[in-house]
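# return a 3D structure for these sequence lines:
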Amino acid sequence: MTYTPATSHLTGLWDPEQSPDYLGDWDSTFCKEETLDFVAGMVLSDRQLEMFRAVTAQSMGGNLPFHESLAQRFALLRATREHIDEAAHKLVGLLDETALAMSDTIQENRGRIHIISGG
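Numbers count the residues shown, from 1 in each chain. All right, here's what the predicted structure looks like:
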């Protein structure tokens with residue numbers, strides 16, 4: 001399996017004839033948005049959203065372990081299934097154009113493409 005760093009430029013990163021598997025990042029690669037931040041923007045008040053973003057910044061800055069950041073953000077978020085469904089429908093419209101252009105290749109190789117999200 002190969003690892004490709006997150007990038008919004010997917011073209012040419014993976015050739016199914018050359019590499020058996022592709023591992024890619026969902027947030028800001030296949031989708032133009034960070035999913036947790038998107039959901040947070042839908043459900044949190046301005047003050048809560050500010051707190052949510054501060055926790056994210058601490059983690060991104062290396063001042064808070066990722067697992068703690070994720071736990072704190074989920075505690076603030078408290079999204080319902082309805083919120084997640086609504087976000088999923090809206091995020092479809094925010095898919096990266098290159099990912100959309102590769103949809104046939106993605107579909108043909110769906111068992112070899114692994115898309116992850118760290119939250």
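# just the pLDDT for the residue nearest to the spatial centre of the chain.
In the chain, the centroid-proximal residue (Cα atoms, centre = their mean) is Asp27; its distance is 2.2 Å. Confidence at Asp27, expressed as pLDDT, is 73.
# state the number of residues packed around the closest residue in space to it that isn't next to it in sequence.
Using Cβ to Cβ, 6 or more residues apart in numbering and skipping residues adjacent in sequence, the residue nearest Asp27 is Glu34, 4.6 Å away. For glycine as for every other residue, the C-beta is placed from the backbone atoms N, C-alpha and C. Using other Cβ atoms under 10 Å, the number of residues around Glu34 comes to 17.
# would you map the helices across this protein?
35-43, 46-60, 66-77, 81-92, 97-101, 103-108 (DSSP state H).
# returning to that earlier point: so the residue nearest to Asp27 is in contact with Ala40, correct?
No: in terms of Cβ atoms under 8 Å, Glu34 does not count as a neighbour of Ala40; the distance is 9.1 Å.
# ok, back up a step: hey, what's the residue nearest to the centre of the chain bridged with?
Cys31 (DSSP bridges).
# now it: how far from Ala71?
18 Å (Cβ to Cβ, to the nearest Å).
# what do you get for Gln58?
Counting by Cβ to Cβ, the gap from Gln58 to Ala71 is 13 Å.
# the two: who's more crowded?
More neighbours surround Gln58 than the other of Gln58 and Ala71, with 15 against 12 (other Cβ under 10 Å).
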